[in-house]
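>>> show me the folded form of this:
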Amino acid sequence: MTQPSGIFSSVIPFVIALLVGVVLGSVVQTQLNLAAIQSMGVAIPPAVRINTTWQDLLSFAPLYALLFGVGFLVSQTSAVLLSRQLGGRYSIPLCGVAGIVGLWATLWLVNTLAPPPTLIAATRGAGGLVAMLATAGVAGTVFAGLRRRVQDVRRPRGFSGFAVLVAVGGLATVLPGISQPAQAKADLPYHIETLADDLAHPWSLAFLPDGRMLVTERPGRLRLLSNEGETLVESLGGVPEVFAAGQAGLFDVALSPQFEDDRQVYLSYACGTAQANHTCLARATLAENSLENVSEIFRAQPAKQGAAHFGGRIAWLPDGTLILTLGDGFDYREEAQNLGNHIGSLVRLNPDGSVPQDNPFVYYGEARPEIYSLGHRNVQGLVFDNQQQRLIAHEHGPRGGDEINIIEAGANYGWPIASGGLDYTGARVTPFEDYPGTEPPTLEWTPSIAPSGMALYSGELFPEWQSDLLVGALVNKEVRRVRLSDDGSSAKDVEGLFGELEERIRDVRQGPEGAIYLLTDSPQGRLLKVVP
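Next up, the predicted model:
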């Protein structure tokens, strides 16, 4: 057989089958994601469904082609070789089964190595996984059928895997690039000094009345520092047992509003195991070198799997109650619309963990009485504006759709029914950027900046920042300065600060003297102090 015929008999059928598998996989994942949105009572007109399917073919299919193509190449090569060992028989069933196994192996490998628990949302459940695997089986069957049809009487001497690999690699070139916004330069001169380093993924900071500082480290340590940043106690005793993996660990630390009298501190953290974990809140008394009288006062329900999206920020309201933010657990996003659990909500608690009787859903059927607002993805920035008397939160979107919201009791902030962001694969989470009955964001970032800690500046050292939000940005490796309107109806992203550090900013705090304190997120994280 001539070389062109050999290539035609293997490569062309492979490319056609690959396209069939990618298109089918994209269409199926879109319908599964839309079905999840519909399950929350959302109507999706046919025109919206068609448009979403088309948009996913443009934005999801290129990445899926790369993921699917590599496994498909390996699986179909193996199936053809095995068929030859069997005298050329059973090629169609072998290629079909191989396509299923190849996609399953690819998904398992990606979900094991990638930060998100489940990269392709449609495969979170058994039914969705089976549907996606079926498309790979169809693609394998198409490949075997086409290959048999174009073969000569004489068998081709080889399966041109290298040529197909080149073809698959070429598909990667159509992957959309993710641009990052240009970094703005700060107009004000400032000086940044390192107070402490070698901190293991520091997450939060609290100032004691005497100037000392408490710093949480995600692996589960609570460090006590002097006002100059010297470590006084590397790890205070009595910290609750923490589930530390991925994004899970020890999160926020907050002092009681009456700390000078009661010496009480509050810690948020992930508790449990990789198979069953929660966001928890504990209260303790700060002693000289340890925490005493430690008690868990709240545990988000139900338990969930994975190590992503815990929320974990704490803020006190003027009436003495506290707000704790909770994430959606990544794979459980639809539960953010379910008042029957705490997933994807903000909860309001009394200092002892009990439920305030004026919470918005206390007398609302089967709703969890602690819930203050719902429809959140992963809130990791939270402040109360005493001047304007408003609660301000920001939350992570997926690939875009990061939000700043003014939080109102009982309000629904839309996730995952309404979002301006795409999933990490490029797929549509939802066809709606806004939806009746949900609150639109005051400010949205697309592409995502991955917002982290947030401070509302009220000091005197930087007068031009007065009343501005300072928002840490993990992806952008800077702090965004945001100005809210007095009525909270609009916000302006003014500029990026401290980008010259080129470090992920995990927390931003205003110190008692008006300086800005930053925590950088790394295995050797730092505590930094910013002064004019």
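
>>> C-alpha only now, for contacts and for neighbours.
OK.

>>> hang on, Gly414 in a strand?
No: counting by DSSP: H, G, I helix; E, B strand; the rest coil, Gly414 is not part of a strand but coil.

>>> got the contact list for it?
Listed by C-alpha atoms under 8 Å, 6 or more residues apart in numbering, the contact set of Gly414 reads 337, 374-376, 434-435, 438-440.

>>> tell me the domain boundaries of this structure?
As given by automatic domain parsing, the domain ranges for the chain are 3-174, 191-531.

>>> now mean pLDDT too, for those, in JSON lines please.
As requested, the domains of the chain are exported to JSON lines (pLDDT from 0 to 100):
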{"stretch": "domain 3-174", "mean pLDDT": "87"}
{"stretch": "domain 191-531", "mean pLDDT": "97"}
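
>>> most tightly surrounded among those?
domain 191-531 (a mean of 20; mean count of other C-alpha atoms under 10 Å).

>>> how far off centre is it?
Distance of domain 191-531 from the chain centroid (C-alpha atoms, centre = their mean, to the nearest Å) equals 14 Å.

>>> hey, what's Glu444 bridged with?
Glu403 (DSSP bridges).

>>> residues in contact with the residue nearest to Leu461 when sequence neighbours are not counted?
For Leu461, ignoring the flanking residues on the chain, the nearest one in space by C-alpha to C-alpha, 6 or more residues apart in numbering is Gly514 at 5.7 Å. By C-alpha under 8 Å, 6+ apart, Gly514 lies in contact with 458-462.

>>> which of the three states applies to Gly514?
coil.

>>> for it, give me phi and psi.
The phi/psi pair for Gly514 (degrees, to the nearest 10) reads phi 100, psi 0.

>>> kindly report the same for the one 5 residues further on.
Geometry field for Leu519 lists phi and psi as phi -110, psi 130, criterion degrees, to the nearest 10.

>>> next one: Pro93
Dihedral pair for Pro93: phi -70, psi -40, per degrees, to the nearest 10.

>>> show me the contacts for the residue lying closest to it once chain neighbours are set aside.
Leaving aside its sequence neighbours, Pro93 sits nearest to Thr141 (C-alpha to C-alpha, 6+ apart; 6.8 Å). Thr141 makes contact with 92-93, 95-96 under the criterion C-alpha under 8 Å, 6+ apart.

>>> from Asp385, how far off is Thr141?
61 Å (C-alpha to C-alpha, to the nearest Å).

>>> any idea which element Asp328 lies in?
Taking DSSP states H and E as the definition, one finds Asp328 inside no helix or strand.

>>> tell me if I'm right that it and Ala336 touch.
Yes: with contact defined as C-alpha atoms under 8 Å, Asp328 counts as touching Ala336 (6.1 Å).

>>> what's the overlap in contacts for those two?
Joint contacts of Asp328 and Ala336 (C-alpha under 8 Å, 6+ apart) are 343-345, 376-377.

>>> could those be laid out in a markdown table, adding secondary structure and distance to Gly87?
Below are the shared contacts of Asp328 and Ala336 laid out as a markdown table (DSSP: H, G, I helix; E, B strand; the rest coil; distance: C-alpha to C-alpha, whole Å):
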| residue | secondary structure | distance to Gly87 |
| --- | --- | --- |
| Ile343 | coil | 56 |
| Gly344 | coil | 56 |
| Ser345 | strand | 60 |
| His376 | coil | 58 |
| Arg377 | coil | 55 |
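
>>> and of those residues, the nearest to Ala200?
Among the shared contacts of Asp328 and Ala336, Arg377 lies closest to Ala200 (C-alpha to C-alpha), at 25.5 Å.

>>> was I right about that closest one contacting Gly327?
Yes: proximity of Arg377 to Gly327 meets the contact threshold set by C-alpha under 8 Å, at 5.5 Å.

>>> residues shared between the contacts of these two?
309, 344.

>>> packing partners of the helix ranked longest in the chain?
Criterion DSSP state H: the longest helix present in the chain is helix 3-38. Using 3 or more C-alpha pairs under 8 Å, 6 or more residues apart in numbering; DSSP states H and E as the contact test, the elements touching helix 3-38 are helix 46-59, helix 61-85, helix 126-150, helix 161-171.

>>> figure out which of those helices is closest to Ala411.
Evaluated with C-alpha to C-alpha, the helices and strands packed on helix 3-38 place helix 46-59 nearest to Ala411, the distance being 25.9 Å.

>>> just checking, what packs against the closest one?
helix 3-38.

>>> angle of the helix it packs on against helix 61-85?
Orientation check (axes from the mean of the first three to the mean of the last three C-alpha atoms, to 10 degrees): helix 3-38 against helix 61-85 gives 130 degrees.

>>> circling back to that earlier point, out of the contacts of Gly414, who's nearest Ile314?
When the contacts of Gly414 are compared against Ile314 (criterion: C-alpha to C-alpha), the nearest one is His376, at 15.2 Å.

>>> which ones are touching the residue nearest to the closest one when sequence neighbours are not counted?
Of all residues not flanking His376 in the chain, Gly344 sits nearest, at 4.7 Å (C-alpha to C-alpha, 6+ apart). Contacts for Gly344 (C-alpha under 8 Å, 6+ apart) come out as 326-329, 333, 335-337, 374-378.

>>> give me every residue that touches Glu230.
If a contact means C-alpha under 8 Å, 6+ apart, then Glu230 has 195-196 as its contacts.

>>> cool, the one 10 residues further on as well?
With contacts defined as C-alpha under 8 Å, 6+ apart, the neighbours of Pro240 are 282, 294.

>>> name the element it belongs to?
Per DSSP H and E: nothing holds Pro240, as it lies in no helix or strand.

>>> circling back to that earlier point, now the residue nearest to Pro93: how far from Cys95?
Distance, Thr141 to Cys95, by C-alpha to C-alpha: 6 Å.

>>> for Val294, give its distance to Gly499.
Counting by C-alpha to C-alpha, the gap from Val294 to Gly499 is 39 Å.

>>> dump stretch 434-450 to PDB, restricted to CA.
Presented in PDB, the C-alpha positions along stretch 434-450 are these (Å, rounded to 0.1, in the frame of the first residue of the first chain):
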ATOM      1  CA  ASP A 434     -28.500  38.600  35.800                       C
ATOM      2  CA  TYR A 435     -31.800  37.000  36.700                       C
ATOM      3  CA  PRO A 436     -35.000  38.300  38.400                       C
ATOM      4  CA  GLY A 437     -35.000  37.900  42.100                       C
ATOM      5  CA  THR A 438     -31.200  38.000  42.400                       C
ATOM      6  CA  GLU A 439     -29.000  40.900  43.300                       C
ATOM      7  CA  PRO A 440     -26.600  42.200  40.600                       C
ATOM      8  CA  PRO A 441     -23.000  42.900  41.800                       C
ATOM      9  CA  THR A 442     -21.900  46.500  42.600                       C
ATOM     10  CA  LEU A 443     -18.600  45.700  40.800                       C
ATOM     11  CA  GLU A 444     -17.500  42.800  38.700                       C
ATOM     12  CA  TRP A 445     -14.000  41.700  37.600                       C
ATOM     13  CA  THR A 446     -13.600  39.700  34.400                       C
ATOM     14  CA  PRO A 447     -11.100  38.200  33.900                       C
ATOM     15  CA  SER A 448     -10.900  37.100  37.500                       C
ATOM     16  CA  ILE A 449      -8.400  38.800  39.900                       C
ATOM     17  CA  ALA A 450      -9.100  36.100  42.600                       C
END
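
>>> can you map out the helices along the stretch 251-400 of the chain?
Using DSSP state H, counting those that start in this stretch, the helices found in the stretch 251-400 of the chain span residues 259-262.

>>> what sits against Phe259?
Val265.

>>> ignoring the adjacent residues along the chain, who's closest to Phe432?
In space, Phe432 is closest to Ala418, 5.0 Å off (C-alpha to C-alpha, 6+ apart).

>>> surely the one you found is in contact with Tyr435?
Yes: counting by C-alpha under 8 Å, Ala418 touches Tyr435, with 5.9 Å between them.

>>> quick one: Ile120 from Val253, how far?
The value you get for Ile120 to Val253, if C-alpha to C-alpha is used, is 34 Å.

>>> nope, Thr321 is what I meant
Where Val253 is concerned, Thr321 sits at a distance of 16 Å (C-alpha to C-alpha).

>>> ok, now Val27?
With C-alpha to C-alpha as the criterion, Val27 and Val253 are 45 Å apart.
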